[in-house]
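Student: Next one to model:
(one chain, ligands or ions: 1)
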Amino acid sequence: MASRSVKNTNSAVCVSRRKTATVTSKKTAKFQSSLKALRILDRQGPLAQSHVAQDLGVTPPAALSHFRKLGKEGLVVAVDKKFSNGRGRPLELWDIDRSRNFTIGLVISPPELIIAMADFADNIVLQQDHDVSEVETCDKIEAIIDAFIVEAVDYVAKSDYSLRFACACLSGPVNMPIMPQINIEGLFNRHNISAVRTTLTIASLFGEARRFPAESTVCVVDWDFGIGVIPCCGDRVLYGNESQAYMVYNKRKVCDFGHQRIVKAGRKCPCGNRGCLEAYAGGRAVIQQLNRPDIHSLSDLRRAAKNGDSEVLRELALAAHYMGSALSQFVLLMGIDKIVVTGPLSDIFPLFRDSFNAGLEDYLQKEEVQSLEASASPNPVGLMVTGSCRAARHLFLHSDLPLDLTLLSKTIMTGY
Ligand SMILES: [Zn+2]
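Tutor: Residues are numbered from 1 along each chain as shown. Below you'll find the model as predicted:
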């Protein structure tokens, strides 16, 4: 285990330990009824009190009382006085306090473990990258996370900032068998910070979504050992992807794009069913299909594809075609505007874009396929890190809703 690179903007600062961090997750009850006002400011601020009142359907003084409550908690600030035209009184503008509130995002995508703290303006202020490929026990991972939390708590304490929430985005136990045993919630709760564990796809989603206009519907495709697909509009998830995490929280089967059947009584899938998309287009399926002694991992696949290995190119092109084909009706159903491919295989996606687009043409016109502009993420890992911090912020801003992951897919219906 080696710390590969450490970006730590705080390392030279002497930190007073006398102050305790304002970790407010346990105190959200005080301002839960004002979170809707906070969400409006988060999306559109700075805004005048009358504007927020209108959006909330309340009187301006009622909006002001929300601001005062949120201001007392360090969540909003009066930012500016804008003079209304003519002789009217100056308008006070309010905004969510983006520079004094923070979240922690954790991404474990072996061999990488990246943990970061970002403010509400998406600026990362602390980050550590670790190589955990050799790690076999939970305590080493937990020690890395705990050390970071201590540093983060010190950082917020010294300036009386607030650390609001944490979100851990983890790959499945297939990639790291000890993953389910890592006590993520316990590590954060010890420091009085609420934390949620979820999948890497959520990190990708929240990372990629911000690259597109908030009003466009973007389909994020995670091309990994399996396939994850989540369409979103801004930070609103339109369709949940089943995963171990969703199964745990929902106690019911939600639709899962990667395990939709594309061949009746087809290939066996690790999920236990037959004919799933993943069994044809996921990285694991491609490796199994090739059945070659030199190709065991996704990096072997990537390397062979980049070297122009014709057998590998053919198999991956077929996989991309299956993916496009499975997406073609979904694009119509969900009203998808753009497609972005992320995950460990995304950097070779441009080699198979034509096959992917040919699959999309199953149900779409050529012009429709072109306008989707299917592309690879420019920075899958970096955007996952920002995305995990943003997912944490999203969960905090929705903590007036039941705290389970279903809220991610329900936010579209709850007026955000
Ligand atoms: Zn399956």
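
Student: only C-alpha atoms for contact and neighbour calcs from this point on.
Tutor: Fine.

Student: Where does the residue nearest the centre of the chain sit, in terms of helix or strand?
Tutor: Nearest residue to the geometric centre of the chain (C-alpha atoms, centre = their mean): Ala203, 2.3 Å. For Ala203, the host element (DSSP states H and E) is helix 200-209.

Student: The residue nearest to the centre of the chain and Ala63, how far apart?
Tutor: Distance of Ala203 to Ala63, computed by C-alpha to C-alpha, to the nearest Å: 33 Å.

Student: chain center to the longest helix along the chain: distance?
Tutor: In the chain, taking DSSP state H as the definition, the longest helix is helix 310-334. Relative to the centre of its chain, helix 310-334 is centred 24 Å away, using C-alpha atoms, centre = their mean, to the nearest Å.

Student: quick one: buried residues of it?
Tutor: Within helix 310-334, the residues scored as buried using 16 or more other C-alpha atoms under 10 Å are 312-313, 315-331.

Student: Low-confidence ranges, the stretch 1-150 of the chain, go.
Tutor: Within the stretch 1-150 of the chain, the segments meeting pLDDT under 70 span 1-29, 82-89.

Student: contacting residues around the closest residue to the ion within it?
Tutor: Across the stretch 1-150 of the chain, the shortest distance to the ion (C-alpha to the ion) belongs to Ser109, at 21.1 Å. By C-alpha atoms under 8 Å, 6 or more residues apart in numbering, the contact list for Ser109 reads Leu170, Ser171, Asn175, Leu200.

Student: at 6 Å instead, please
Tutor: Taking C-alpha atoms under 6 Å, 6 or more residues apart in numbering as the criterion, Ser109 is in contact with Ser171.

Student: need the residues of the protein near the ion, please.
Tutor: Proximity of the chain to the ion (C-alpha under 5 Å from the ion) is limited to residues His259, Cys269, Cys271, Cys276.

Student: Would you mind checking the residues you listed for buried ones?
Tutor: Among these, those that count as buried by neighbour count (16+ other C-alpha under 10 Å) are His259, Cys269, Cys276.

Student: just to revisit the earlier point, which residues make contact with the longest helix of the chain from outside it?
Tutor: Under the criterion C-alpha under 6 Å, 6+ apart, residues Ala281, Ala305, Phe352, Ser355, Phe356, Gly359, Leu360, Asp362, Tyr363 lie in contact with helix 310-334.

Student: Could you dump those residues into TSV with pLDDT, distance to Gly207 and secondary structure added?
Tutor: Output for those, formatted as TSV (pLDDT from 0 to 100; distance: C-alpha to C-alpha, whole Å; DSSP: H, G, I helix; E, B strand; the rest coil):
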residue	pLDDT	distance to Gly207	secondary structure
Ala281	97	24	helix
Ala305	98	26	helix
Phe352	98	23	helix
Ser355	98	26	helix
Phe356	98	23	helix
Gly359	98	26	helix
Leu360	98	25	helix
Asp362	96	30	coil
Tyr363	96	29	coil
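
Student: tell me the domain boundaries of this protein?
Tutor: For the chain, the structural domains run 2-7+100-200+382-410, 22-96, 212-377, going by automatic domain parsing.

Student: How far does the second one sit from its chain's centre?
Tutor: What it means is domain 22-96. With C-alpha atoms, centre = their mean, you get 26 Å for domain 22-96.

Student: what's the answer for the last one, then?
Tutor: What separates the centre of domain 212-377 from the centre of its chain is 17 Å, taken as C-alpha atoms, centre = their mean.

Student: what's the span of that domain from first residue to last?
Tutor: Domain 212-377 end-to-end distance (C-alpha to C-alpha) = 12 Å.

Student: what's downstream of the one helix or strand Val220 maps to, the next helix or strand?
Tutor: Using DSSP H and E, Val220 falls within strand 217-223. Per DSSP H and E, the first helix or strand lying C-terminal to strand 217-223 is strand 227-233.
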